[in-house]
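> this is the structure alone, sequence omitted:
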């Protein structure tokens, strides 16, 4: 993995859910209308962006309900993948979920991206399922 150079730091900030839509669309579902990447409860979540050289490089949305947290729509610019930026953003999101009070966190992960979640200790939970012909696996991690 290529990590960002010290002179090109990654800044992680809380952002508006509206600021996530373009990157979600470009990376996750480019063949669908942009409304496809919107979540009805977006306004209830926490949304984080990782900025690399001032450019929005990665986004993730966190939803917390009591002791349960879920992150969704985790996307990193294609040309900036495998550089550690998404890893930093996910680490931040897990820490935020724990800080807010969640005891566990889960996501629906594309099966072709399971290794990033496994590196964080997340475990498969349930069977593989499909959305729009894309294979997914629910992944879960205890935070306490």
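Arrived safely, thanks for sending. Keep in mind it's a predicted model, so treat the numbers as computed, not measured.
> from what I can see residue 14 touches residue 47, true?
Yes. Counting by CB atoms under 8 Å, residue 47 is a contact partner of residue 14 at 6.7 Å. C-beta here means a position set from N, CA and C on the backbone, and glycine is covered the same way.
> more neighbours: these two, which one.
Neighbour totals were compared for residue 14 and residue 47, and residue 47 leads with 22 against 11 (other CB atoms under 10 Å).
> what's the helix or strand hosting the more buried one packed up against?
Using DSSP states H and E, residue 47 falls within strand 46-52. Secondary-structure packing of strand 46-52 (3 or more CB pairs under 8 Å, 6 or more residues apart in numbering; DSSP states H and E): strand 10-14, strand 55-65, helix 85-100.
> of the ones you listed, flag the one that's most buried.
strand 55-65 (a mean of 20; mean count of other CB atoms under 10 Å).
> that one pairs with which strands, parallel or anti?
The pairing partners recorded for strand 55-65 under DSSP bridges are strand 46-52 (antiparallel), strand 68-76 (antiparallel).
> if I look at the spatially most central residue of the chain, how far off is residue 144?
With distances taken as CA atoms, centre = their mean, the residue of the chain nearest its centroid is residue 74 (2.6 Å). As judged by CB to CB, to the nearest Å, residue 74 and residue 144 stand 22 Å apart.
> same thing with residue 46?
Taking CB to CB as the measure, residue 46 falls 19 Å from residue 144.
> in terms of neighbours, single out the busier of the two.
Using other CB under 10 Å as the criterion, residue 46 and residue 144 rank with residue 46 on top: 18 against 8.
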